[in-house]
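Student: pasting the sequence and the predicted coordinates here, then a few questions.
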2 protein chains.
Amino acid sequence: MQKTAEKSIQIGQLAKNLGITTRTIRYYEEIGLMGATERLGGGTRTYNRDDVLRLKFILKLKELGISLKEMQELAENFDINQQSFGTITPKLLEILDGHIGKVDQKIANLASLRKEIVAYRSRITDILQGHAPVVR
Amino acid sequence: MQKTAEKSIQIGQLAKNLGITTRTIRYYEEIGLMGATERLGGGTRTYNRDDVLRLKFILKLKELGISLKEMQELAENFDINQQSFGTITPKLLEILDGHIGKVDQKIANLASLRKEIVAYRSRITDILQGHAPVVR
DNA sequence: CATATAGCTTACGTAAAGGTCAAGATTAAA
DNA sequence: TTTAATCTTGACCTTTACGTAAGCTATATG
């Protein structure tokens, strides 16, 4: 087995590539979302392709509204870093199903909130036109 | 003009009635959402019917997902005590409309997230059954 | 060598919406 | 009147996701 030349990058470049700050990356490491990556002699962090993928995955989930805390729970059961899909247990499926449920719940809540806002809105316009009493 | 006996209540009772804490009510006063209400001799806050209506209004908006900060902007224009209800509504409608948009956006995002999770899930089950390659 | 640039750790700051004491003053009830 | 309940202000605590600054090290370049 030969190591293919890992073209790792440093934190500043990685941050720039992804449009985030170095603080953010270090923070994710701090809270255990990014495992500790390799360091150069002086302690400089180094990120290989897998690390980058993992970070992108985190950002993707975040973009879609999953909190870092939720990701931490996921991370306990699902080590994105080193495991290939073949080794993933059914536990992950369970977690994903749970998340689908949560998302469904959130969607339902928002939909009902939307309804209320719309209803409230039209009550106000009614009031403005004198079609309804001011206080219910 | 005769003052009808104003049956004012104190903060503890009001909080209990509305299912919030006294801290919350004082906080709303602190940030200028509730105007300063009358006080008894010892400094005890006293809330009349209008004050209660105003607080209920605040809670309603909050329930609809409008932040206290947004309400502060509104508060400059709405003086429920002065019955200038008509003047606040255009701004309020604007804010409500903005909220409907935001909620729609969130729903769309969650729906897409849901799709992705579902897709991700089935990719994994496929892998577990050897029907698909391990790496995308 | 000197400077510039990038990185490191430690640690305090921020916003939102209150929670939670603390210590004292007042009011209500017995 | 004594006690118990309620109220007052003030001030620090909490969570989330980083921002920002201080002080120090390492690497690159003129």
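Tutor: Alright, I've got the coordinates.
Student: helices along chain A, start to end?
Tutor: All helices of chain A, identified by DSSP state H, fall at A:11-18, A:22-30, A:49-63, A:68-77, A:90-128.
Student: can the first one be found next to DNA strand D?
Tutor: Read it as helix A:11-18. No: Helix A:11-18 lies apart from DNA strand D when judged by Cβ under 7 Å from any atom of the strand; the minimum separation is 9.0 Å. Placement of C-beta: from N, CA and C, glycine included.
Student: distance from that helix to the middle of the chain?
Tutor: Helix A:11-18 sits 18 Å away from the centroid of its parent chain (Cα atoms, centre = their mean, to the nearest Å).
Student: and it, what's buried?
Tutor: Buried residues in helix A:11-18, counted by 16 or more other Cβ atoms under 10 Å in any protein chain shown: A:11, A:14-15.
Student: my read: A:I107 touches B:I107, true?
Tutor: Yes: the criterion here is Cβ atoms under 8 Å, and A:I107 meets it with B:I107 at 5.8 Å.
Student: still on that earlier bit, between the buried residues of helix A:11-18, which sits nearest DNA strand D?
Tutor: Nearest to DNA strand D, judged by Cβ to the nearest atom of the strand, of those is A:A15 at 9.0 Å.
Student: what residues are up against that closest one?
Tutor: Contact partners of A:A15, counting by Cβ atoms under 8 Å, 6 or more residues apart in numbering or on different chains, are A:21-22, A:24-25.
Student: confidence score at A:I88?
Tutor: A:I88 is assigned a predicted lDDT (pLDDT) of 41.
Student: endpoint to endpoint, stretch A:55-71 covers what distance?
Tutor: 12 Å (Cα to Cα, to the nearest Å).
Student: what's in contact with it?
Tutor: Identification of contacts with stretch A:55-71 by Cβ under 8 Å, 6+ apart yields A:14, A:18, A:20, A:25, A:28, A:31, A:33-34, A:47, A:80, A:99, A:106, B:106, B:109-110, B:112-113, B:116.
Student: what is the mean pLDDT for that stretch?
Tutor: Stretch A:55-71 comes out with an average pLDDT of 84.
Student: go through that stretch and flag the buried ones.
Tutor: Using 16+ other Cβ under 10 Å as the test for burial, stretch A:55-71 gives A:55, A:58, A:61-62, A:66, A:71.
Student: just those residues that are near DNA strand D?
Tutor: A:K62.
Student: next, give me the two most distant ones among the buried residues of stretch A:55-71.
Tutor: Farthest-apart pair in those is A:L55 and A:I66; separation 14.6 Å (Cβ to Cβ).
Student: what score does the residue of chain A found nearest DNA strand D have for pLDDT?
Tutor: Among all residues of chain A, A:G42 sits closest to DNA strand D, at 2.6 Å; criterion: Cβ to the nearest atom of the strand. Predicted confidence (pLDDT) for A:G42: 87.
Student: ok, now the one 4 residues further on?
Tutor: The per-residue pLDDT reported for A:T46 equals 96.
Student: any figure for the gap between A:L14 and A:T21?
Tutor: Note on A:L14: its distance to A:T21, by Cβ to Cβ, to the nearest Å, is 11 Å.
Student: could you do A:K106 as well?
Tutor: 28 Å.
Student: same deal with A:Y120?
Tutor: For A:Y120, the distance to A:T21 equals 39 Å [Cβ to Cβ].
Student: settle it for me: which of these two has more neighbours?
Tutor: A:Y120 (17 against 13; other Cβ atoms under 10 Å in any protein chain shown).
Student: is it true that the more buried one touches B:I95?
Tutor: No: with contact defined as Cβ under 8 Å, A:Y120 does not count as touching B:I95 (11.2 Å).
Student: so how many other residues sit close to the residue of chain A closest to DNA strand D?
Tutor: A:G42: 5 neighbours (other Cβ under 10 Å).
Student: next one: A:G35
Tutor: Around A:G35 there are 15 residues (other Cβ under 10 Å).
Student: kindly report the same for A:L96.
Tutor: Using other Cβ under 10 Å, A:L96 has 19 neighbouring residues.
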